[in-house]
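A.B. asks: Any chance you could fold what I've pasted below:
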Amino acid sequence: MYRPARPAFPNDIFSFLSALLLAVFIACLPIRADATETVEVKGATFATELEDAGQTYRLIGHGLFRYMIWTAYAGAYYQADDRLEPAPLSAVPRRLELEYFHAIEADDFAAATRDSIREGLGEPAYRDLLPGLNAFNRAYRSVEPGDRYALTWDGEALFLALNGERLYRGDDPALASALFGIWLGDSPLQNDFRDALLGRR
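C.D. replies: Next up is the predicted model:
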């Protein structure tokens, strides 16, 4: 009985077809995000690495700010990727992101910022910063649940952004340190929140 001869394929053709089938199979597998790319704090998601205006920032710590019986906001603190030892009051490029769970009026942000800096620095230092602080406070906007503020010092300039929209730009490093100090200084709004942001817990 006549049987047609099986075509003779060189071994390298069989290898190529096997590799092609394997690549197709892998491409059909579901894609899973790397679990280290983000962290979650009560539904608020923060990237472990950010890039802004050519500067890369890496996550130092994250946490939840509670006020009395309310869960107020989630936060994440970042520093330049080559300066991972926490230094929130230095000239190191750094960034603080806060996502809010409740509506807050712009005037309330401004009042709380003034009071916190006055209490943290004392009256003379507060007075020195007042012109720049007033300009900064005028940039605040009211927020709704899910809105996010970002405070950034890039090594040369201070920025405030709401949901990615830049609202303020300044160049005073002392004001930057005073603002970061509200949450990350020696006498912050809440010690537990500061320690979480600085990766201490």
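A.B. asks: which of the residues in stretch 121-139 are buried?
C.D. replies: Using 16 or more other CB atoms under 10 Å as the burial criterion, the residues of stretch 121-139 that qualify are 121, 126, 129, 132-133, 136-137, 139. C-beta coordinates here come from the backbone N, C-alpha and C atoms, glycine included.
A.B. asks: Including distance to Asp108, pLDDT and secondary structure, could the residues you listed go into TSV?
C.D. replies: Below are the buried residues of stretch 121-139 laid out as TSV (distance: CB to CB, whole Å; pLDDT from 0 to 100; DSSP: H, G, I helix; E, B strand; the rest coil):
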residue	distance to Asp108	pLDDT	secondary structure
Leu121	21	94	helix
Tyr126	19	96	helix
Leu129	20	97	helix
Gly132	20	97	helix
Leu133	16	98	helix
Phe136	15	98	helix
Asn137	11	98	helix
Ala139	14	98	coil
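A.B. asks: and of those residues, the nearest to Leu198?
C.D. replies: Taking CB to CB as the measure, Leu198 lies nearest Leu121 of these, at 19.9 Å.
A.B. asks: So that closest one versus Ala178, what's the distance?
C.D. replies: Leu121 sits at a distance of 6 Å from Ala178 (criterion: CB to CB, to the nearest Å).
A.B. asks: Show me which of the buried residues of stretch 121-139 is closest to Asp172.
C.D. replies: Of the buried residues of stretch 121-139, the one sitting nearest to Asp172 (CB to CB) turns out to be Gly132, at 4.9 Å.
A.B. asks: My guess is that closest one contacts Ala176. True?
C.D. replies: No: using CB atoms under 8 Å, Gly132 is not in contact with Ala176, being 9.7 Å away.
A.B. asks: Mutual contacts of the two, please.
C.D. replies: Shared contacts of Gly132 and Ala176 (CB atoms under 8 Å, 6 or more residues apart in numbering): Gly170.
A.B. asks: pLDDT on the helix or strand in which Ala150 is found, on average?
C.D. replies: Here Ala150, judged by DSSP states H and E, is contained in strand 148-153. Regarding strand 148-153, the rounded mean pLDDT is 98.
A.B. asks: just checking, what packs against that strand?
C.D. replies: Helices and strands touching strand 148-153, by 3 or more CB pairs under 8 Å, 6 or more residues apart in numbering; DSSP states H and E, are strand 94-100, strand 158-162, helix 173-184.
A.B. asks: Redo the ones you listed as JSON lines? Include mean neighbour count and distance to Ile60.
C.D. replies: Converted to JSON lines, these look like this (neighbours: other CB atoms under 10 Å; distance: least, CB to CB, whole Å):
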{"stretch": "strand 94-100", "mean neighbour count": "22", "distance to Ile60": "8"}
{"stretch": "strand 158-162", "mean neighbour count": "19", "distance to Ile60": "18"}
{"stretch": "helix 173-184", "mean neighbour count": "21", "distance to Ile60": "10"}
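A.B. asks: could those be laid out in a markdown table, adding distance to Pro145 and mean pLDDT?
C.D. replies: As requested, the helices and strands packed on strand 148-153 are exported to a markdown table (distance: least, CB to CB, whole Å; pLDDT from 0 to 100):
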| stretch | distance to Pro145 | mean pLDDT |
| --- | --- | --- |
| strand 94-100 | 6 | 98 |
| strand 158-162 | 14 | 98 |
| helix 173-184 | 20 | 97 |
